[in-house]
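Asker: Sequence first, predicted coordinates after that:
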Amino acid sequence: MRNLIRIQQVRELSLLLILAFILILFGTQINGYFSPRTFNRISGVVAVITIVAVGQTLVVLTRNIDLSVGSVVGFTAYFVGRQLSLYNDMSPLTAVLLALAVGAGFGLVNGLIVSYGRVPSIVVTLGTLALYRGFLVEYSGSSSIATRDLPDWIKELPQQTIFQIGEIEMRALPLIALVVVIIFQIILIYTMFGRRMYAVGSSPEAATMAGIPSAGVVTIAFVISGALAGLGGFVYLSRIGTITTTAAQGLELQVVAAVVVGGVNIFGGSGTVFGALLGAVIIGTLEQSLIRMNVNEFWKDALLGVFILAAVTTDTVLLNRLREWRTKISQQMRTSRPQMKSEEA
Amino acid sequence: MAFLDRVPWLRRWETILLIMLILVILVNSQLSEFFFEPDNISNIFRLSIEKAVVVVIMAFVIINAEIDLSVASVMGLSASVLAFTYEAGQPLLLGLILALIAGLICGVINGYFIAYLGLPSLVVTLAGLIMYRGAARILLEDRSVGNYPEWFTGIAQNEVIGPFPITIFIFIGLFIISFVILHYSSFGRYVYAIGNNLEGSEYSGIDVKRVKMMIFVSSAIISAVAGMFYAARLGNVRANAAEGFELDIITIVLLGGVSIFGGKGTLYGVGLSLLIVLNLRNGMSLANVNGSTQTSVVGALLILSVLIPNIAQAVREYWRRRTLDDSPQSTKLRTEVDVGGT
């Protein structure tokens, strides 16, 4: 009985239900909603948020937060775009590695200051949010990247179909996001590194006493978050094409929202990458469908805010109820087991 | 090091801030001959008056071990409500009242979810940030509303005493009142107690929920007032009014020595850091440094303000341990140093 209902599974199941509810709701309101076009439109938007949200999940698991991701996405998008427009023959792999490396560098700075400088992560990343954006403005000299400067392959990437299931095409960018999610879900569940992340987030003191190098784990979490933000920057560049100095400004808020809606505990120690994916998909679906529905576009943000609050509230309140109920049941079972058995017999 | 132990006030964060402030002012006065002109001094405050007002209440929020990310959106919503009512041909006074009510509603929403439902403030006010900004967009869409009556824009633009507009005096009044409440009233002690130890305060009979509720409601109401100041200063309002101000505001509070974990920090420190950031930005503007570079400098300052004391402490500890290990009567020394250190 106790092993049948796991809190985390209930949480992800409820997210899936919410997603189904949203889809059905919009399906009845919009003509031709369930079409490959809708899927492509939504999955393209969700790709960037998901990739960055995976990194954010790791950081939040260790009881930290990375607010600098929006600036990292903006900087790498611009930087890689500039390199590609200067060296048109650069191979796709080099471009991706470049994006990952630049992002990881920024993440390393965050991680070192947080774990070895013992500065709270919200302070560090609030500072680097401004700092990295400043680097972008200085580096770009306030000029922007135009789509026509970029090589053809990166412009065509968002339209490329990798494989097809029925009528639904899996485009390249969402596939990248999906692969990232799967890789990190496996890492979190099956590797020592993944389990250490949960340990550090659940109780830093206990983790240190158990011999886990907490500072190292936290640093690596930030490096991964930075690297994935860099990859997100590459995807952003490929999708948007025109990069200005304000590129991806405020993305960190959407990412944190996706992670939180996805059921990752903001105080660390619990949550999954799969949950973050669901959070990103729900937010992206809601956003794109509202635009599709021709709801006055100005209503979008307000509804999104209401939804985030509602999702988190029901999640917390329901889970607390469930936990109380479960302890009550198990207590009852423990005290009344002999009688119950005799009654059943 | 021994010298620092003997003069404890030299090691206070506020002292370091004061030295930083003096340095900034000295450098600024070298950079530009116009720095000490009354007009420039007035500008330092006038151009950031909305932020300054919200910084004061944000100090309460963070000392209470919470955070309010929604302040800038509440400012934008309040300004938009004001503009929307005025645009609809209603008297401006009605707009001001409705803007305050909008602020009150935002505060009650934040406070209810945080204090009574127990959700983390980071999450609730993040949702608030998106939601209240969205509400402002619903009201104003992409219009810009201006042409307010002279008496209203005069609040933030007309020079009343010397070159200073009335908003600066309102800010000074607010600062003094907040100072007294935080440092000399039982409510202020509750704010610190809750920030230090939430459960302990609950068991010692403090109505934690009420205190938190009051803080978040006042935070939103003061942000609403700041939104009005913003509208009065600029003379026109768009739905994106004050967007992104929360970062500057939180930076100033943290630079002032308030711990993000709550329970620590004073309004002296916050006041000094406000002066430092405003003067620094003013100096850089006089030196033609662009806005985003200014923001980066402030961001770097924020990180360094926590990092450098930590490194200094680590070096001190390392040094102390080394000298202790070398000396023959290390046990005796250790007790002495420990007493002196704390």
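Answerer: On my side now, so go ahead. Numbering: from 1, shown residues only, chains lettered A, B, ... in the order given.
Asker: When you work out contacts or count neighbours from here on, use the C-alpha atoms and nothing else.
Answerer: Will do.
Asker: Any part of the longest helix that chain A contains near chain B?
Answerer: The longest helix of chain A (DSSP state H) is helix A:300-344. Yes - using Cα under 8 Å from any Cα of the partner chain, helix A:300-344 reaches chain B at A:300, A:301, A:302, A:303, A:304, A:305, A:306, A:308, A:309, A:313, A:316, A:317.
Asker: What distance do you get for the third one to residue B:202?
Answerer: It refers to residue A:302. Shown here: residue A:302 relative to residue B:202, a distance of 35 Å by Cα to Cα, to the nearest Å.
Asker: out of these two, which sits in the more crowded spot?
Answerer: residue A:302 (21 against 14; other Cα atoms under 10 Å in any protein chain shown).
Asker: Now do the contacts for that one.
Answerer: B:130, B:131, B:132, B:133, B:134, B:135, B:138 (Cα atoms under 8 Å, 6 or more residues apart in numbering or on different chains).
Asker: my read: the third one touches residue B:79, true?
Answerer: No - using Cα atoms under 8 Å, residue B:132 is not in contact with residue B:79, being 11.6 Å away.
Asker: which of these two has more neighbours?
Answerer: residue B:79 (34 against 28).
Asker: who's in contact with that one?
Answerer: B:99, B:224, B:227, B:228, B:230, B:231, B:237, B:241 are the contacts of residue B:79 under Cα under 8 Å, 6+ apart.
Asker: per-residue confidence for it?
Answerer: Looking at residue B:79, its pLDDT reads 95.
Asker: which ones are touching the residue nearest the centre of chain A?
Answerer: When Cα atoms, centre = their mean is applied to chain A, the residue found nearest the centroid is residue A:53 (1.5 Å). With contact taken as Cα under 8 Å, 6+ apart, residue A:53 is in contact with A:255, A:256, A:258, A:259, A:276, A:277, A:280.
Asker: phi, psi of it?
Answerer: phi -70, psi -30 (degrees, to the nearest 10).
Asker: what do you get for residue A:117?
Answerer: phi -90, psi -10.
Asker: where's the host helix or strand of residue B:50 relative to the chain centroid, distance-wise?
Answerer: Using DSSP states H and E, the element containing residue B:50 is helix B:49-63. A distance of 3 Å separates the centroid of the chain from that of helix B:49-63, by Cα atoms, centre = their mean, to the nearest Å.
Asker: Beyond it, next helix or strand please.
Answerer: helix B:71-87.
Asker: May I have that next one as CSV, with CA atoms only?
Answerer: The C-alpha trace of helix B:71-87 is given here as CSV (Å, rounded to 0.1, in the frame of the first residue of the first chain):
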residue,chain,number,x,y,z
VAL,B,71,7.2,45.1,-6.4
ALA,B,72,8.0,46.4,-9.8
SER,B,73,4.9,44.8,-11.3
VAL,B,74,2.7,46.4,-8.5
MET,B,75,4.3,49.7,-9.4
GLY,B,76,3.4,49.2,-13.0
LEU,B,77,-0.1,48.1,-12.2
SER,B,78,-0.7,51.1,-9.9
ALA,B,79,0.6,53.5,-12.5
SER,B,80,-1.6,51.8,-15.2
VAL,B,81,-4.7,51.9,-13.1
LEU,B,82,-4.1,55.6,-12.5
ALA,B,83,-3.6,56.1,-16.2
PHE,B,84,-6.6,54.0,-17.3
THR,B,85,-9.0,55.9,-15.0
TYR,B,86,-7.7,59.2,-16.1
GLU,B,87,-7.9,58.2,-19.8
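Asker: Give the buried residues for the following helix or strand past that helix.
Answerer: As assigned by DSSP H and E, the chain's next helix or strand after helix B:71-87 is helix B:92-111. Within helix B:92-111, the residues that count as buried by 16 or more other Cα atoms under 10 Å in any protein chain shown are B:92, B:95-96, B:98-111.
Asker: is any part of the helix or strand following helix B:92-111 close to chain A?
Answerer: Helices and strands here follow DSSP H and E; after helix B:92-111, the next one along the chain is helix B:121-140. Yes - using Cα under 8 Å from any Cα, we find that helix B:121-140 touches chain A at B:123-124, B:126-135, B:137-138.
Asker: where do the helices sit along the stretch 151-300 of chain B?
Answerer: B:166-184, B:186-196, B:198-203, B:208-234, B:245-255, B:267-286, B:291-326 (DSSP state H, counting those that start in this stretch).
Asker: Actually, the stretch 151-300 of chain A.
Answerer: A:152-156, A:172-190, A:192-202, A:204-209, A:214-240, A:251-261, A:273-292, A:300-344.
Asker: And the shortest one, what does it pack against?
Answerer: Contacts defined by 3 or more Cα pairs under 8 Å, 6 or more residues apart in numbering or on different chains; DSSP states H and E place helix A:152-156 against helix A:214-240.
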